[in-house]
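In: sequence first, then the predicted structure, then my questions.
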Amino acid sequence: MKNGIVHRLEPVTLIGGGDGTLADVAEALALAPTCVAADGGARLALSAEADPVAVIGDFDSLDPDTRSRIPADRQFPIAEQDSTDFEKALSRIDAPLVLAVGFTGARIDHQLGVLHVLVRYPDRPCIVIGPQEILLVSPPEIELPCLPEETVSIFPMGRVSGASRGLRWPVDGLVFDPMTQIGTLNAAEGPVWMRWDAPAAVLVLPRRLLGYVTQVLASAPSSARWPARAELYRGPQQS
């Protein structure tokens, strides 16, 4: 992988410097045992007694004491300021799935940046773990063992259409777009199935589904995943 730093065949836990607890880290590591830290997320990783195989970022929020506790060969400073630490790390992890802890919190602009990165790299499945919910870009097709009345919110980060079963308000026939039509505050009537035509539907799901969604995404064959965005939107070759 171009610019790859971490290569794993199993899911990876990525820890950031936002809101995240020791319990969050423990739950993520139980599902994705390899730990990577994004910049100041190394503090939470060390507090949780995790052993990051890499710390990636511009290091502007990595204090000297924390940095001194990370072996030099595991430090990967990236000086450019055109991307966030989340993007710097996620784009350099080659794994079937990334579980992201510490990427939610008080700053709305940071959270918007996380959503931007999720849809910019649809070929790198990632679940962002929040206090009560998980966020992810829906794969082309997904089934969810939802309970009646559980929230299933859909926020489009671009133009996207799909089909569904099991939602209180089906998505069939709708064209979602952040400027005209969104799907927040939807709810399940029971198990849910969804299919999408583009990697632009961000799902907000109950956190209790973390283990299930992790297993589904981590074990999905390449044919059931989105390609890299550059490949997805590449125009037809001229003769």
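Out: Nice, thanks for sending it over.
In: give me phi/psi at I182?
Out: Per-residue torsions, I182: phi -120, psi 170 (degrees, to the nearest 10).
In: contacts only, for it.
Out: Going by Cβ atoms under 8 Å, 6 or more residues apart in numbering, I182 touches 154-156, 176. For every residue, glycine as well, the C-beta is placed using N, CA and C.
In: among these, which pair sits farthest apart?
Out: F155 and F176 (8.5 Å; Cβ to Cβ).
In: identify the contacts common to the two.
Out: Common neighbours of F155 and F176 (Cβ under 8 Å, 6+ apart) are 182-183, 201.
In: now flag whichever of those residues is closest to I142.
Out: A201 (9.8 Å).
In: does the closest one touch V175 like I think?
Out: No. Taking contacts as Cβ atoms under 8 Å, A201 lies outside contact range of V175: 11.8 Å.
In: who touches both of those two?
Out: V160.
In: comparing those two, which shows the higher neighbour count?
Out: Counting neighbours by other Cβ atoms under 10 Å for A201 and for V175 shows that A201 has the greater number, 26 against 12.
In: give the full set of residues in contact with the more buried one.
Out: Contact analysis of A201 by Cβ under 8 Å, 6+ apart lists 137-138, 154-157, 160, 162, 176, 183, 194.
In: how does it look with 10 Å?
Out: Counting by Cβ atoms under 10 Å, 6 or more residues apart in numbering, A201 touches 119, 136-139, 142, 154-158, 160-162, 171, 176, 183, 194-195.
In: with adjacent residues omitted, what lies nearest to the most centrally placed residue in the chain?
Out: Geometric centre of the chain, nearest residue: C126, 2.7 Å, by Cα atoms, centre = their mean. In this structure, C126 finds its nearest non-sequential neighbour in V98, 4.4 Å apart by Cβ to Cβ, 6 or more residues apart in numbering.
In: in the sheet, who's paired with the one you found?
Out: Assessed by DSSP bridges, V98 has beta-bridge partners V12, C126.
In: likewise for T34?
Out: In this entry, T34 is beta-bridged to V12, by DSSP bridges.
In: and the gap between it and W226?
Out: Distance of T34 to W226, computed by Cβ to Cβ, to the nearest Å: 22 Å.
In: next one: R124
Out: Distance from R124 to W226, by Cβ to Cβ: 9 Å.
In: just W169 next, same as before
Out: Distance from W169 to W226, by Cβ to Cβ: 25 Å.
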